[in-house]
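Asker: Following is a predicted model, sequence given first.
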Amino acid sequence: MRPAKVAGSRPSRAFARSRSVSADASSPTGGPAPSRRTGGVWWRQVVAYGLVSTLALAIDTGLFLALMSWNFASVIAASLGYLAGLLLHFALSSRFVFDGVATGKPQARLLTEFAASGLAGLAVTAATVAVAVDVAGLEPPVAKLGAIALSFGIVFLLRRHLVFSVRRR
């Protein structure tokens, strides 16, 4: 039975968490009901993750360009832009794409795992570009497009199934 909804109100995070791990009689297995952000339809997560990734990339690039216009060293500008994008991506992903609270992990651990999965994406990107350019003879921009797609998929799966995996009670 659902509680009555008051106009303009949202259920509390605690209520949402309790719904995501409680048994659902309508579930074919009688198991936990998937929460809006941790289970449910995976393609909705992919779309939300793609939107969050796009926004984070825009912040990364925008800050990089702004810092470059203020005569920052390119490595410093790129690093600060990347860090800002990473932090924004983490904040938005843990709130709108996945349910960071339902993992039961402390925020510091989640952020560390999130950053580590980003490093895995960097490794996939570098390896993909190296193989595509040096072995397959593709042009670097074409190789980078392939690397973006592959890295996006791998990092999404790492974050969905490892970083933000929901602890079952």
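Answerer: Good, I have the coordinates.

Asker: And the longest helix along the chain, how far out from the chain middle?
Answerer: Assignment by DSSP state H gives helix 42-69 as the longest helix of the chain. How far helix 42-69 lies from its chain's middle: 11 Å, per C-alpha atoms, centre = their mean, to the nearest Å.

Asker: And it, what's buried?
Answerer: Using 16 or more other C-beta atoms under 10 Å as the test for burial, helix 42-69 gives 45-46, 48-49, 52-53, 56-57, 59-60, 63-64, 67. C-beta here means a position set from N, CA and C on the backbone, and glycine is covered the same way.

Asker: what ranges do the helices span in the chain?
Answerer: Along the chain, the segments classed as helices by DSSP H run 13-21, 42-69, 74-92, 107-130, 140-158.

Asker: With mean pLDDT as added columns, please give those helices in JSON lines.
Answerer: Shown next, in JSON lines, are the helices of the chain (pLDDT from 0 to 100):
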{"stretch": "helix 13-21", "mean pLDDT": "38"}
{"stretch": "helix 42-69", "mean pLDDT": "95"}
{"stretch": "helix 74-92", "mean pLDDT": "94"}
{"stretch": "helix 107-130", "mean pLDDT": "94"}
{"stretch": "helix 140-158", "mean pLDDT": "93"}
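
Asker: Which one of these lies nearest to D99?
Answerer: Nearest to D99 among these is helix 13-21; the distance by C-beta to C-beta comes to 6.7 Å.

Asker: thinking again about what came up before, I'd like to know which of the buried residues of helix 42-69 is nearest to L158.
Answerer: Scanning the buried residues of helix 42-69 for proximity to L158, where the rule is C-beta to C-beta, the winner is Y49, at 11.6 Å.

Asker: Pull the contacting residues for the closest one.
Answerer: Residues counted as contacts of Y49 (C-beta atoms under 8 Å, 6 or more residues apart in numbering) are S93, V97, F156, R159.
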